[in-house]
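Chemist: okay, sequence plus prediction incoming.
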Amino acid sequence: MAIKTGGMQASKALKKLYSRNFPKVLRLVLTKGGGEMDAQDIFQESMISFYHVVIEGKFREEASPDTVIYAIARNLCYRRLRHSKTTQDLSALAEADHMEPELDWNEMSKEKLVRNLIDKLGKSCQRLILLFYFKKKSMEEIKKEFGLGSVQAAKNKKYRCMQELQGLFKKNRITKEILS
C-alpha cells in the first residue's frame, strides 16, 4: 500500500482517501445529529487510526480502505452519541433538580468567567486548552498526550476547540469590555 512507502506516494494516497471519504463521514455524522465540527473530529480520528493500522502492518486488505475508514468513523460516531446521550440525560436530571442561575457576568472575575465557559466544552477540548494555555505544554507534547499523528493535527484540534470556545463567548454575549 502506498501509505506505507511514505513520501509523495503516501501523501497522494492520503489526499485521495480524504477526498473520497470525508463526504461520506460528514453525511453519517449529520444524519446522527452531529455537526460539521463533529464530523471533522471523527474523520480526523478515523484517518489517524487507519494510518496507524497500515503503518503497523495490521491492514490485511480484506476490505477496501474506504470501507475500513467508514467503519472506524461509524464506531467513533456511535461512541460519541452514546456519550452525549448520557451527558444529555444527566444534564436534564440536573436541570430538573435545580435550575442553573443566570450568570452575572459583571460580578464574575475574568478568570472565573473564562473557566466557566471552558467547562461547557467537551472533555477533550477542556483538556487541550488546559494543557496548552494553563500548563504551557508544547504542541509536540499535546500531540503525544492525545495520540495524534502529527503536530499539525494537534494544531487543528486546538483551532477547532478555540472556535467552539469563541462560539460560547458569542452565544453568551461576552463583550470585549467585560474581558478587558
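Modeler: All right, it came through fine. Numbers count the residues shown, from 1 in each chain.
Chemist: break this structure into its domains for me.
Modeler: Taking automatic domain parsing as the domain assignment, the ranges for the chain are 1-100, 102-180.
Chemist: and these as CSV, adding mean pLDDT and mean neighbour count?
Modeler: C-beta here means a position set from N, CA and C on the backbone, and glycine is covered the same way. Shown next, in CSV, are these (pLDDT from 0 to 100; neighbours: other Cβ atoms under 10 Å):
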stretch, mean pLDDT, mean neighbour count
domain 1-100, 76, 15
domain 102-180, 78, 14
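Chemist: which helix or strand contains the spatially most central residue of the chain?
Modeler: Closest residue to the average C-alpha location of the chain: residue 41 at 4.1 Å, with Cα atoms, centre = their mean. If you go by DSSP states H and E, residue 41 is part of helix 36-55.
Chemist: can you tell me what sits against that helix?
Modeler: 1, 3-4, 14, 17-18, 21-22, 25-26, 28-30, 34, 59, 65, 68-70, 72-73, 76-77, 80, 147-149, 153, 156-157, 160, 163-164 (Cβ atoms under 8 Å, 6 or more residues apart in numbering).
Chemist: could you dump it to PDB, C-alpha only?
Modeler: Only the C-alpha atoms of helix 36-55 are listed here, as PDB (Å, rounded to 0.1, in the frame of the first residue of the first chain):
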ATOM      1  CA  GLU A  36     -19.700  19.600  10.800                       C
ATOM      2  CA  MET A  37     -17.100  20.100  13.500                       C
ATOM      3  CA  ASP A  38     -18.000  16.700  15.000                       C
ATOM      4  CA  ALA A  39     -17.600  15.200  11.500                       C
ATOM      5  CA  GLN A  40     -14.200  16.800  11.100                       C
ATOM      6  CA  ASP A  41     -13.100  15.400  14.500                       C
ATOM      7  CA  ILE A  42     -14.400  11.900  13.800                       C
ATOM      8  CA  PHE A  43     -13.000  11.900  10.300                       C
ATOM      9  CA  GLN A  44      -9.500  13.000  11.600                       C
ATOM     10  CA  GLU A  45      -9.600  10.300  14.300                       C
ATOM     11  CA  SER A  46     -10.600   7.700  11.700                       C
ATOM     12  CA  MET A  47      -7.800   8.700   9.300                       C
ATOM     13  CA  ILE A  48      -5.300   8.600  12.100                       C
ATOM     14  CA  SER A  49      -6.500   5.200  13.300                       C
ATOM     15  CA  PHE A  50      -6.400   3.900   9.700                       C
ATOM     16  CA  TYR A  51      -2.900   5.300   9.100                       C
ATOM     17  CA  HIS A  52      -1.700   3.500  12.300                       C
ATOM     18  CA  VAL A  53      -3.300   0.200  11.200                       C
ATOM     19  CA  VAL A  54      -1.500   0.500   7.800                       C
ATOM     20  CA  ILE A  55       1.900   1.500   9.300                       C
END
